[in-house]
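Visitor: here is a sequence with its predicted model. Questions after.
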Amino acid sequence: MATPLADRHAALGARMVEFAGWMMPLQYTGILEEHRAVRSRAGLFDLSHMGEIFVEGPEAADGLGLALTSNPGALKVGRAQYSMICFPDGGILDDLIVYRLADQRFMIVANASNSAAVSDALTARLAGLKLVLDDRSLATALVAIQGPRAAAIIGPLTDVDLTALRHYAIAEGTVAGVPALVARTGYTGEDGFEVFVEIGAGAVVWDALMAAGKAEGIVPVGLGARDTLRLEAGMPLYGNELGPDSTPFEAGLGRVVAFTKEGDFVGRAALAKAADEPRKRLVGLAVRGRGIARHGYEVFRGDRRTGIVTSGTLSPTLGDPIAMAYVAPSDAEPGTILEVAIRDQRVPAEVVALPFYKRPS
Amino acid sequence: MVPQDLRYTKEHEWVRVVGDMATVGITDYAAEQLGDIVFVELPEIGRAVVQATAIGVIESVKAVSDLFAPIGGEVVESNSELSTQPELVNSDPFGKGWMLRVKVDDADQVGGLLDAAAYEALIAEA
């Protein structure tokens, strides 16, 4: 499938790749350059492949509380929470952001690769409740602007009061004259905004932000830099750090599981057990040698295999190789020296606290 | 852009042969496909390399790729600048981004390499 911005990517000379059934820009000018632009100025992302599922009705909050690990009913209107949807055995079906748009109206943003599965699971889990589920994934364009200059660029184009829009908040308004949901969320570790509009209006918003950002040095950013940005920020990627074989606790994201909420939820019993008995732990690794520890490389402590690398890159900001890995819980303490098998060599890697990069406040 | 005076492999290495000395690198096309190159691991000086075998590693931000010996012989020099400036392979793949000098042990091997026209046809198909 093509996003509504496909012709923009072609005109910009993007190298395209297939991702979750979508043709997406991998890079325009280069991953490093795009990455640095987001850290120092601003970058524009086409994320129209992601899933947007709306749930509305008097039982929407309670229904989502049953279907997800978090407690959407505790959200104030106009706020968002990071959440997960788990299988009954506690494995992760997807990680999500839940936005409360009104007392009885929520938007759930799912990964492109899981969008249909999340929609199906919600449909099944919410059946019979007083609510309507509307999967608008294919009818929605999502454009994200991220970076320290993002607010200055989008500010003049929107009637949303950005000074009142906090991190993990959302407001309805217009962007470039187009009705939009503007959320202060992202996947880069920088300040930034995600703009949800009707699919036909995606190009209007994209063009307006590119034009308004020109003086600030905005650049379009592809999936390549999106991956290095989120990795530096210590954010997990479904399929790498998250999946059916991992629980939120193993991923270090137990905060998304709200055991305090009323009633049962899918995976509750299994997750209660998983909270006390993690089989593995997700850690950050600072690789102390040449070479990049990549997805699938084995991790050792001495002669003992302790786990596997889930993501790795050369950190464009730090200039050093970084990785995330699942290791045995006993090997997950920061400061522990492990080794990654990079081809025929064992390269030392120190367990470090995540994230690798935190933006200056 | 494919320089006319070089020979090429299907794995996108280039070779410049002068006498019995060959200079080796990867092509502009290969560098662009790999994207931003961040590590280049080259064989030690003095090592005997066999044509078409993996002798080094090129890592970009998003991928890792083997360097194959386009020609057999003894490695007599490697581009030490690439250890601190691997990006030279992206910016100047046929020049400052060169990787190795190899003393060729059998000049007949050169005849088996692609000429510029054949290499251009190869990347046009890709």
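Guide: Here it is on my side, so go on.
Visitor: nearest spatial neighbour of the most centrally placed residue in chain B, skipping sequence neighbours?
Guide: For chain B, the residue nearest the mean C-alpha position is residue B:25 (2.5 Å; C-alpha atoms, centre = their mean). Nearest residue to residue B:25 in three dimensions, chain neighbours excluded: residue B:98, at 4.5 Å (C-beta to C-beta, 6 or more residues apart in numbering or on different chains). For glycine as for every other residue, the C-beta is placed from the backbone atoms N, C-alpha and C.
Visitor: partners of the helix or strand encompassing the residue nearest to the centre of chain B in the sheet?
Guide: According to DSSP states H and E, residue B:25 maps onto strand B:21-26. Within its sheet, strand B:21-26 is paired with strand B:13-18 (antiparallel), strand B:100-104 (antiparallel), according to DSSP bridges.
Visitor: how close does residue B:12 get to residue A:148?
Guide: 38 Å (C-beta to C-beta, to the nearest Å).
Visitor: what's the first helix or strand after the strand holding residue B:25?
Guide: helix B:28-34.
Visitor: for that next one, list the C-alpha coordinates in CSV.
Guide: Taking C-alpha atoms only, helix B:28-34 is exported to CSV below (Å, rounded to 0.1, in the frame of the first residue of the first chain):
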residue,chain,number,x,y,z
ASP,B,28,29.7,4.5,-5.6
TYR,B,29,26.6,2.3,-6.2
ALA,B,30,27.6,0.0,-3.3
ALA,B,31,28.3,2.9,-1.0
GLU,B,32,25.0,4.5,-1.7
GLN,B,33,23.1,1.2,-1.2
LEU,B,34,24.7,0.7,2.1
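Visitor: which of the residues in stretch B:63-74 are buried?
Guide: For stretch B:63-74, burial by neighbour count (16 or more other C-beta atoms under 10 Å in any protein chain shown) applies to B:64, B:65, B:67, B:68, B:69, B:70, B:71, B:72, B:73.
Visitor: out of these, which sit inside strands?
Guide: B:64, B:65, B:67, B:68, B:73 (DSSP state E).
Visitor: show me what contacts residue B:47?
Guide: B:55, B:74, B:75 (C-beta atoms under 8 Å, 6 or more residues apart in numbering or on different chains).
Visitor: any idea how far the nearest residue to the second one once chain neighbours are set aside is from chain A?
Guide: Counting by C-beta to C-beta, 6+ apart, residue B:103 is the residue found nearest to residue B:74 once chain neighbours are left out, at 4.7 Å. Plainly put, residue B:103 is 26 Å away from chain A if you go by C-beta to the nearest C-beta, to the nearest Å.
Visitor: and residue B:103, how far is that from residue B:76?
Guide: Shown here: residue B:103 relative to residue B:76, a distance of 5 Å by C-beta to C-beta.
Visitor: also residue B:24?
Guide: Separation of residue B:24 from residue B:76 (C-beta to C-beta): 11 Å.
Visitor: looking at the two, which has the bigger crowd around it?
Guide: Applying other C-beta atoms under 10 Å in any protein chain shown to residue B:24 and residue B:76 shows that residue B:24 carries more neighbours, namely 28 against 14.
Visitor: beta partners for the more buried one?
Guide: With DSSP bridges as the rule, residue B:24 is bridged to residue B:15, residue B:100.
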